[in-house]
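> fold the following, please.
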Amino acid sequence: MKNKVRSGALFVLLVSGLVLSGAMARVAAGQEKKLPQTAGVDDTKMGPYRALAQLSYAAIQKGDTASASKLARILERNWDKAEDYGGDTALSKTNHALFEEIDKAMDQFINLTEHAGATPDLNAIKTAYNTYLDKLKLAD
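Residues are numbered from 1 along each chain as shown. A predicted model of the protein is given here:
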């Protein structure tokens with residue numbers, strides 16, 4: 001009888017532990033790193049690039065390909081000026097491999113956005129947009 005009680009208690013503890021660990025994992029997964037912001041723009045080095053990409057993507061979703069293309073071009077020019085030719089603190093100088101990853105992802109997003117035409121491939125643009133944002137997170 002004692003062994004059955006111990007086995008039952010052990011089973012209850014084991015199940016409780018599993019349930020608790022699963023709940024903690026969900027809470028941890030739901031807590032994404034919150035970055036400080038001003039007027040909706042992350043106050044990080046990559047924040048302005050992220051904001052311009054978000055505005056460009058929002059415009060393409062609304063069917064405003066002209067505005068999306070302009071914003072994408074502004075994104076590219078600012079990125080190149082600051083992170084490629086921006087001096088000693090430019091990402092191309094501080095972490096060239098990461099600069100190349102981000103630059104490639106950004107170029108793909110920008111090319112799809114600028115050449116969207118009358119019927120943009122929203123799935124391809126969304127994929128390129130998400131890839132670009134994921135790469136930017138690596139530099140924050």
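> quickly note the distance from residue 54 to residue 135.
Per C-beta to C-beta, to the nearest Å, residue 54 is found 14 Å from residue 135. The C-beta positions use only the backbone N, C-alpha and C, and glycine is treated the same way.
> show me which of these two is the more surrounded one.
Remark: of residue 54 and residue 135, residue 135 carries more neighbours, 18 against 15, as counted by other C-beta atoms under 10 Å.
> isn't the more buried one up against residue 102?
Yes. Residue 135 lies in contact with residue 102 (C-beta atoms under 8 Å); the separation is 4.5 Å.
> tell me which element residue 136 is part of?
Assigning secondary structure by DSSP states H and E places residue 136 in helix 122-137.
> tilt between whatever helix or strand residue 53 lives in and helix 122-137?
Secondary structure from DSSP H and E places residue 53 in helix 47-61. Using axes from the mean of the first three to the mean of the last three C-alpha atoms, to 10 degrees, the direction of helix 47-61 lies 170 degrees away from that of helix 122-137.
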